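Undergrad: Next comes the sequence, and after it the predicted model I'd like to discuss.
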Amino acid sequence: MTKNYQMYIAGAFCDAGDGQRFDSVNPATEEVWASFPEATAKDVDRAVKAAHQAFTEGPWSRTSARERGRALKRIAHELEKVGPELSVAETTDTGKLLRETRWQAGNLAEIYDYYGGLADKVEGSLPPVGPNQPLSMIVREPLGVVGAIVPWNSQLHLAAFKIAPALAAGNTIVLKPSEEAAAAIVEFARVMHAAGLPEGVFNVVTGGGNPCGQTLVSHPLVRRVSFTGGVETARKVISASVENIAMLSLELGGKSPVVVYDDADMDNVVNGVTSAIFAASGQSCAAGSRLLLQDGVYDDVIDHLVVRAGDIVVGDPMADDTQMGPLATRRQRDLIERLLTESVDAGAKVLSGGGRAGRDKGWFFEPTIVACDGQDYPMVRNELFGPVLSVLRFRDEEEAIRLARDSDYAFAGGVFSRDFGKAYRTARAIPAGRFWINTYRVTNYAMPFGGSGNSGYGREGGIEAIHDYTQTKAIFADLSGAPVADPFVMR
Ligand code: TXE
C-alpha cells in the first residue's frame, strides 16, 4: 500500500494547498511505494513567511546561543531513538544499502551534537584601535531565512550539514528534499517536531524543481541558499539569486581522480578504489571515478580490481549481505548507459561489467571498469554518478598530476604511495576540497567538504561552516563622553 506523506510548515504537517501529490518509486522494485504533496508556490511562500516570522518575532529570535545549542542536542537525542525508522525509509526510497543508511543514521546525532556544542562559541572580536578612537566591536549575527535544497543521495547527512550550523547560528530554515526521494527528510521532520523547536523554525516543502525549488531559492525573504545537486540546476539557482541577492553555497558533483603510484600497497589500493567507486553504487559527490595507474603497476591493479568487482554482491538493499544496491533513478541509469555506449563506440574498452545487473526489476547496474587511452571520452569528462570507473595509464608524477588536474570538476581526489613526500606533493597539486592519502571515503563531521569549478563553491562541515550562516556587524561606540566632533572641522 502506498504511504501518504505530508510536508511540514509552521509546526504542522499538511498537504499542498491544491491537494496535488507526486509518487515515489522504490528503485529496487520499480513499484510506487509512497506519495508526497506537490507544493505550490503559495505553499512555499507560506513556509518562508513562517520561517521569517520565527526569525524576526517568534521565541527563536530571543533564544540565547546556549538555548539553541540545547535544542540541537535535543534533536540529537530524538535521532538516537528513531534512527532505524529513518534508515528504512531512506533505503526504500533510494536503494542505498540499509547497512549504510543505518550507520549514517547513527552518525547523524553526532553532527547535531557537534553543532549544538558550537552554538555558544560563535564569538565576535575587538580589533585594536587607537586610544582616541571609538570602541570598535565586531559581532556575528544570523542571516535570516535559509533555503536549503538537497538531492536524494545521503539526504539526511547532507541536510544535517546545512540544518545544524544554520540553526546553531540562530537562523530559521525551509528545506526542500529531492522529488526523487523525499521520505527520509519528511520522516526527519517528526524528529524536529518532537524536539520541540518553536513553530516556523524548521519547515519542509516537498515538490519538484519548479515551482517548489525555484520559488524557494528566489523568494525575497530568503537570505541564504545552501544547495546540493547537479551543475545544471546550480546554474538556475545562481540565476534566481539575481532576484533576491541571497548568499549562496553550491555543493555539486565531481569527477575525482585516484592516483596510484608503482610503490603503492596493493591491498590498500584494491580496497581504497573499491570504496571510492563502488560504495553507495558510486552515487556520491566524492566518488573516485577516474583511476590513474602508473605503468609498472597498471596490469596488476587491473587484474585485482576486475576480480574484486566481479565478486561484489549486487542485490536487495535491505539484505545484510548485499554490497551494492540499485541506482536511485531510472534517469541516472539511462544517462550512464548512454555515456558508456558513446565512450565504447569511441574506443574505450570495458574490462568488467558494463551492463544492467541481471535482475528482472530494479535499476541495478554492474560494477564497471573501463580502460580509456585518453581523457577525451564522454565517461571521463562527465560525472556518471554510478559504479563506473575509467582507468588511464601514466608514466611519472608530472603526468599523473597533469591528467588529474585536467577536469572541469574539483571536488575530491586520492593518492596511493608508500612515499609520503610524493603522495603529499600530489595531494597539494590537485585542486580539490578534500583529498585522501592511502585511503578513500573515510570522513568525520569536523572535516570540511565542497569543491571548486563545476563542483561548486563554499564548504560544509567543521567549525568554519557555522560562520557561513552568520554575517558580521561592525559597531563603533564612543564611550569617551567627549562631544561628537564637528564633521567640517579637520583635526
Ligand atoms: O540533482 P538536481 P539530481 C549530480 C549528479 C546527478 C545530477 C543530477 O551528477 O547525476 O547531479 O542529480 C532541486 N531551483 N549530483 O537530479 O536535479 C531538485 O528538486 C531550485 C551531485 O538529484 O540538481 C532537488 O531537490 N531547486 C550531488 C535538487 O535541486 C531545484 C548530489 C537537486 O536536483 C531546481 C546530487 C530549481 N530550478 C546530484 N530544479 C552531490 N554533490 O552529491 C531542481 N531543483
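TA: Good, I have the coordinates.

Undergrad: confidence score at the spatially most central residue of the chain?
TA: For the chain, the residue nearest the mean C-alpha position is residue 158 (4.1 Å; CA atoms, centre = their mean). Listed pLDDT for residue 158 reads 96.

Undergrad: which ones are touching it?
TA: Residue 158 is in contact with 150-151, 228, 251, counting by CB atoms under 8 Å, 6 or more residues apart in numbering. Placement of C-beta: from N, CA and C, glycine included.

Undergrad: what about it, which SS state?
TA: helix (DSSP: H, G, I helix; E, B strand; the rest coil).

Undergrad: For residue 90, see how far away it is.
TA: 12 Å (CB to CB, to the nearest Å).

Undergrad: same thing with residue 234?
TA: Distance of residue 234 to residue 90, given as CB to CB: 24 Å.

Undergrad: again with residue 470
TA: Between residue 470 and residue 90 the computed distance is 30 Å (CB to CB).

Undergrad: what's the answer for residue 248, then?
TA: 27 Å.

Undergrad: Start and end of stretch 317-327, how far apart?
TA: 11 Å (CA to CA, to the nearest Å).

Undergrad: all helices for this protein, in order.
TA: Listed in chain order, the helices of the chain (DSSP state H) span 41-56, 65-94, 98-118, 155-168, 183-194, 214-218, 231-244, 266-277, 295-311, 330-345, 378-381, 397-405, 420-429, 464-467.

Undergrad: tell me the most buried of the ones you listed?
TA: helix 155-168 (a mean of 26; mean count of other CB atoms under 10 Å).

Undergrad: got a list of what residue 354 touches?
TA: By CB under 8 Å, 6+ apart, residue 354 lies in contact with 340, 344, 366, 368, 370.

Undergrad: what's near enough to touch the closest residue to residue 206 other than its chain neighbours?
TA: Nearest residue to residue 206, sequence neighbours excluded (CB to CB, 6 or more residues apart in numbering): residue 36, at 4.2 Å. Neighbour list for residue 36: 5, 7, 21-22, 24, 179, 182-183, 186, 206-207 [criterion: CB under 8 Å, 6+ apart].

Undergrad: Try it again at 7 Å.
TA: The contact partners of residue 36, by CB atoms under 7 Å, 6 or more residues apart in numbering, come to 5, 21-22, 24, 182, 186, 206.

Undergrad: With distance to the ligand added, can I get the helices of the chain in JSON lines?
TA: Listed next are the helices of the chain as JSON lines, based on distance: least, CB to the nearest ligand atom, whole Å:
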{"stretch": "helix 41-56", "distance to the ligand": "10"}
{"stretch": "helix 65-94", "distance to the ligand": "10"}
{"stretch": "helix 98-118", "distance to the ligand": "14"}
{"stretch": "helix 155-168", "distance to the ligand": "7"}
{"stretch": "helix 183-194", "distance to the ligand": "10"}
{"stretch": "helix 214-218", "distance to the ligand": "4"}
{"stretch": "helix 231-244", "distance to the ligand": "3"}
{"stretch": "helix 266-277", "distance to the ligand": "14"}
{"stretch": "helix 295-311", "distance to the ligand": "21"}
{"stretch": "helix 330-345", "distance to the ligand": "6"}
{"stretch": "helix 378-381", "distance to the ligand": "13"}
{"stretch": "helix 397-405", "distance to the ligand": "19"}
{"stretch": "helix 420-429", "distance to the ligand": "21"}
{"stretch": "helix 464-467", "distance to the ligand": "16"}
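
Undergrad: Distance to residue 357 for the ones you listed - can I get that in JSON lines?
TA: JSON lines is the format used below for the helices of the chain (distance: least, CB to CB, whole Å):
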{"stretch": "helix 41-56", "distance to residue 357": "39"}
{"stretch": "helix 65-94", "distance to residue 357": "17"}
{"stretch": "helix 98-118", "distance to residue 357": "18"}
{"stretch": "helix 155-168", "distance to residue 357": "24"}
{"stretch": "helix 183-194", "distance to residue 357": "24"}
{"stretch": "helix 214-218", "distance to residue 357": "36"}
{"stretch": "helix 231-244", "distance to residue 357": "28"}
{"stretch": "helix 266-277", "distance to residue 357": "15"}
{"stretch": "helix 295-311", "distance to residue 357": "12"}
{"stretch": "helix 330-345", "distance to residue 357": "10"}
{"stretch": "helix 378-381", "distance to residue 357": "18"}
{"stretch": "helix 397-405", "distance to residue 357": "30"}
{"stretch": "helix 420-429", "distance to residue 357": "34"}
{"stretch": "helix 464-467", "distance to residue 357": "37"}
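
Undergrad: sorry, back to before: show me the two of the contacts of residue 354 that sit farthest apart.
TA: Spatially, the most separated pair among these is 344 and 366, at 14.1 Å (CB to CB).

Undergrad: Model confidence for the residue lying closest to residue 32 once chain neighbours are set aside, exactly?
TA: Once flanking residues are discounted, residue 32 sits nearest to residue 23: 4.5 Å by CB to CB, 6+ apart. Looking at residue 23, its pLDDT is 97.

Undergrad: go on, residue 485?
TA: Looking at residue 485, the pLDDT reads 87.

Undergrad: can you check the one 4 residues further on too?
TA: Predicted confidence (pLDDT) at residue 489: the value is 89.
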